[in-house]
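Peer 1: Build the 3D model from these lines:
(2 chains)
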Amino acid sequence: MVTVAHYVGLSFVLFTIGVVGVLIRRNLLTVLMSIELILNAVNINLVAFARQLGDLTGHVFVVFVIAVAAGEAAIGLAIVVSLYRLKSTVSLDDASEMKG
Amino acid sequence: MTFPFPASDLLVILPELVLTQLALGILLWATVVRKGREATLAWVSIASLAAAAVLIPVAARLSGPLPRAAFGGMLTLDRFSIFFKVLVLLATAVTILFSLKFVGTSSYPGGEYYALLLFSAVGMLFMASGTHLVSIYIALELMALSQYVLAGYFKRETKSVEAAAKYFVLGAFSSGVLLYGISLVYGAAGSLDLGDVARSLAATPRSSLLGVGIVLTASGMLFKIASAPFHVWAPDVYEGAPTPISAFFSVGPKLAAYAIFARIFFVGFGPRAGDWAPVLAASAALTMVVGNVGALLQQNVKRMLGYSSIGHAGYALLGLLAYASGTDARGENFGLWAILIYLAAYLLMTLGAFGLVVLLEAKGYATESVDDFNGLSKKNPLAAAAMLVFLLSLAGIPPTAGFVGKYFLFSAAMKAGWPSLALLAVLMSAVSLFYYFRIARAMYLVEGEGELRWREEPAVAAAVAVCVAGTLLLGILPQPFVALAKSCLLP
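Peer 2: Residues are numbered from 1 along each chain as shown, chains lettered A, B, ... in the order given. Predicted coordinates for the structure are as follows:
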């Protein structure tokens, strides 16, 4: 029997992978994918809880999160492209001039 | 087809509706305006903001007695939200005045720039009145997505693009963390409506699900207001972004973030205040130290102001903490009104200081250093005097707004039982004198070498004059503002 706890567990694993990805990977594309993982972990949580509670709000929220994630990906990729044009790299560490 | 809400709910969001339409209009208009003729767009943008400001009291009058909930509890129009809305509109209008020449004389198109600023302002207006975690999240993203683009707007400047990349990665990450926290709170409390969350939290026992949810939500919020240990993005973004945008980032998004911070944590998580207050206390202490000590080491003025704004975020957290500790013997809730006063003061003095950095024509993009202020008092005594007022205010010296704000905040923290934090705040204010007065010393005591680079810009000068007047007025006559802030509290 698959319970809510299983879904929350799966979501926690995805969230952890996403957070670790953002923190240790320096390639911006990988970081973007890690952020998507975090958002999808959120979606799993919301749907699982919404089912458990018999409440529609969670389902509706998921649709909004997906839409915002699409916008975020578009802007993120645009920034990656302009960074690549200037610096010929998609690594944040290699492109970094400002420190301190 | 029937709507699940009465049509009069639309009146509640009248200012936002009008501002969105005008912003879309400006975006369309921008496609046919030639480069060099874009000042018209800027003035129309300012007029749009003024229209939205005028419509706020109209919306409040027409939509019924305040607080007025709309769209099934998604948004609430109350005096608290109106306070923030007015400040947000003011900050955006001043930013546009700063941008007139800065963007106008650059090689980048101005139209989308102003439209993006207005979209960001719409997001902040909705944040101020959001009372449901869904509407708060969407408003937050509307604000943030516009701002990622604005940070990287000077797309052929490596620093601008780098600032955008850093802001985007950390901003999107923090939104993800915030959202994960929200999803756990949803599971534990069974609702996303802040009022329902509070009722549910008061009735249910402590659980690890809820605890992790609240901590992650708090982390996301601390990120948005640039508090330690989630502050690392702020100095880089403030240094790299176009200067008017840095000014905007240091006030607009912070004000809006404080509005939702206060709403989520007091209206929503209020019943658990005892659990999360220590987390905020730790962050406040760390933020004050990191911001003020970090600023000591900076040569770049924008970067220094970035660190200084981290320090100020730490002071404002004291107000949130004080509010969390409840009411005093007379039943008066301290803390929140002190934050409102402080944020108004912070808005005026920070925008003013950035305005003078805009006027300072640096040698290259984002290279404004303290030395660029050398000898300003001889060349332009009025500008130097204005900067001095802002520096005094930022350091918290009377008779300025910064002093009044800090006085109320620190005394609220004392009364609420956080004397050690109030003491640390006073100590850190003393530290802040060192770096603020490095600029004052450069202006008054150091001879400038060669020609001082200075733009003559009436629009920026007028905005700075308004900030000086506000800073002094709030510092000399605080009583009316205190009365106003006290009438704008959360229920």
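
Peer 1: of all the residues in the stretch 151-300 of chain B, which ones are close to chain A?
Peer 2: B:152, B:155-156, B:158-159, B:161-166, B:168-169, B:172-173, B:175-177, B:179-180, B:182-184, B:186-187, B:190-192, B:209, B:235-236, B:239-240, B:297-298 (CB under 8 Å from any CB of the partner chain). Every residue, glycine included, has its C-beta placed from N, CA and C.

Peer 1: Give me the number of neighbouring residues for residue 7.
Peer 2: Picking chain A for this. Residue A:7 is flanked by 18 other residues according to other CB atoms under 10 Å in any protein chain shown.

Peer 1: if you could check chain B rather than the one you did, that'd help
Peer 2: Neighbour number of residue B:7 under other CB under 10 Å is 7.

Peer 1: returning to that earlier point: could you list which of the residues of the stretch 151-300 of chain B next to chain A belong to helices?
Peer 2: Mapping those onto helices (DSSP state H) picks out B:158-159, B:161-166, B:168-169, B:172-173, B:175-177, B:179-180, B:182-184, B:186-187, B:209, B:235-236, B:239-240.

Peer 1: hmm, the helix or strand of chain A with the lowest mean pLDDT touching chain B?
Peer 2: The weakest-scoring helix or strand in chain A, judged by mean pLDDT, DSSP states H and E, is helix A:92-95 (a mean of 80). Yes. Helix A:92-95 lies within reach of chain B by CB under 8 Å from any CB, at A:92, A:95.

Peer 1: Just want the residue of the stretch 301-450 of chain B that's nearest chain A.
Peer 2: Proximity of the stretch 301-450 of chain B to chain A (CB to the nearest CB) peaks at residue B:303, 7.5 Å away.

Peer 1: do you know how far that residue is from residue B:188?
Peer 2: Using CB to CB, to the nearest Å, we find residue B:303 at a distance of 41 Å from residue B:188.

Peer 1: wait, isn't residue B:363 in contact with residue B:371?
Peer 2: No. Taking CB atoms under 8 Å as the definition, residue B:363 is not a contact partner of residue B:371, at 10.4 Å.

Peer 1: More neighbours: these two, which one.
Peer 2: residue B:371 (14 against 9).

Peer 1: How about the secondary structure of that one?
Peer 2: The local conformation at residue B:371, judged by DSSP: H, G, I helix; E, B strand; the rest coil, is helix.

Peer 1: my read: it touches residue B:439, true?
Peer 2: No. The pair residue B:371 / residue B:439 is not scored as a contact, 10.1 Å apart, by CB under 8 Å.

Peer 1: Can you name every helix or strand that the helix or strand of chain B with the lowest mean pLDDT contacts?
Peer 2: In chain B, no helix or strand scores lower on mean pLDDT, DSSP H and E than helix B:376-379, which sits at a mean of 85. Helices and strands touching helix B:376-379, by 3 or more CB pairs under 8 Å, 6 or more residues apart in numbering or on different chains; DSSP states H and E, are helix B:381-395, helix B:419-444.

Peer 1: Determine the set of other helices and strands touching the longest one.
Peer 2: Packing partners of helix B:419-444 (3+ CB pairs under 8 Å, 6+ apart): helix B:273-296, helix B:301-324, helix B:376-379, helix B:381-395, helix B:401-415.

Peer 1: What are the buried residues along the helix ranked longest in chain A?
Peer 2: In chain A, assigned by DSSP H, the helix with the most residues is helix A:57-87. Going by neighbour count (16 or more other CB atoms under 10 Å in any protein chain shown), the buried part of helix A:57-87 is A:57-58, A:61-62, A:65, A:68-69, A:72-73, A:75-76, A:78-80, A:82-83, A:86-87.

Peer 1: hang on, the earlier thing: to the chain's geometric centre, what's the distance from the least confident helix or strand of chain A?
Peer 2: What separates the centre of helix A:92-95 from the centre of its chain is 21 Å, taken as CA atoms, centre = their mean, to the nearest Å.

Peer 1: contacts for that helix?
Peer 2: Outside helix A:92-95, the residues that touch it by CB atoms under 8 Å, 6 or more residues apart in numbering or on different chains are A:26, A:28, A:31, A:83, A:86, A:87, A:89, B:158, B:162, B:165, B:166, B:169.

Peer 1: Turn the residues you listed into CSV, including pLDDT.
Peer 2: Listed next are the contacts of helix A:92-95 as CSV, based on pLDDT from 0 to 100:
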residue, pLDDT
A:26, 87
A:28, 93
A:31, 94
A:83, 93
A:86, 91
A:87, 88
A:89, 87
B:158, 90
B:162, 92
B:165, 93
B:166, 93
B:169, 94
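
Peer 1: any idea how far residue B:259 is from the closest residue to residue B:310 other than its chain neighbours?
Peer 2: Distances taken as CB to CB, 6 or more residues apart in numbering or on different chains put residue B:291 closest to residue B:310, at 3.2 Å, once the chain neighbours are dropped. In this view, residue B:291 and residue B:259 are 21 Å apart by CB to CB.

Peer 1: and what of residue B:152?
Peer 2: 26 Å.

Peer 1: again, but for residue B:242
Peer 2: Distance, residue B:242 to residue B:259, using CB to CB: 25 Å.

Peer 1: low-scoring stretches of the chain, by residue?
Peer 2: No chain was given, so I picked chain A. For chain A, residues meeting the criterion pLDDT under 70 lie at A:100.

Peer 1: wait, I meant chain B there
Peer 2: Applying pLDDT under 70 to chain B picks out residues B:1-3, B:326-333, B:362, B:450-452, B:491.

Peer 1: what sits up against the strand or helix carrying residue B:76?
Peer 2: Residue B:76 is part of strand B:75-77, with elements assigned from DSSP states H and E. When contacts are defined by CB under 8 Å, 6+ apart, strand B:75-77 is touched by residues B:12-13, B:59-60, B:63, B:66-70, B:126, B:129-132, B:135.

Peer 1: Now, of those residues, which are buried?
Peer 2: Members of the contacts of strand B:75-77 classed as buried by 16+ other CB under 10 Å are B:12-13, B:59-60, B:63, B:67-70, B:126, B:129-132, B:135.

Peer 1: Identify the farthest-apart pair in those residues.
Peer 2: Spanning the widest gap among these are B:60 and B:132, at 19.8 Å by CB to CB.

Peer 1: Tell me which of residue B:303 and residue B:188 has more neighbours.
Peer 2: Neighbour totals were compared for residue B:303 and residue B:188, and residue B:303 leads with 25 against 21 (other CB under 10 Å).
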